[in-house]
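# Sequence and predicted structure below; questions after.
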Amino acid sequence: MEMETIQQLETIQQHCIKLIATAKKVPPETLSPASTFDEVGLDSLDKVTLAFDVEEAYDIAIPESALATIDNIGAMAAAIQQAVAAKPVTPDSQTSTA
């Protein structure tokens, strides 16, 4: 893995940890990429809310089929990173010089 890719994944993991810590009212330092959603106490509604929050934050869509298989913070971050990488570059996402 490229250093930039690893740093991006770590940044996404930290963002997910902050979102979950806030939602579940737990200290972020008690969570790690290996923390499972069951350990954290995330129910299905919490998972949908988390998915919505990250989709909005990163301007991506995570398929429901993928969401069903994600069971920990690291897997969520990896899915986000994959969706960001797969996002097509559009003229709107580039800085206009006109």
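Thanks, I have it.
# Count the neighbours of Thr22 for me.
Neighbours of Thr22 under the rule other C-beta atoms under 10 Å: 11. For glycine as for every other residue, the C-beta is placed from the backbone atoms N, C-alpha and C.
# same deal with Lys24?
13.
# cool, Ile20 as well?
By other C-beta under 10 Å, 22 other residues sit near Ile20.
# pLDDT score for it?
In this prediction, Ile20 carries a pLDDT score of 95.
# Okay, it and Gln82: tell me how far apart.
19 Å (C-beta to C-beta, to the nearest Å).
# Same check on Ala68?
Ala68 sits 16 Å away from Gln82, taking C-beta to C-beta as the criterion.
# Among the two, which residue is more densely surrounded?
Gln82 (14 against 10).
# ok so that one is a helix residue?
Yes - assessed with DSSP: H, G, I helix; E, B strand; the rest coil, Gln82 lies in a helix.
# what about it, distance to Glu4?
15 Å.
# What residues does Asp53 make contact with?
By C-beta atoms under 8 Å, 6 or more residues apart in numbering, the residues touching Asp53 are Leu19.
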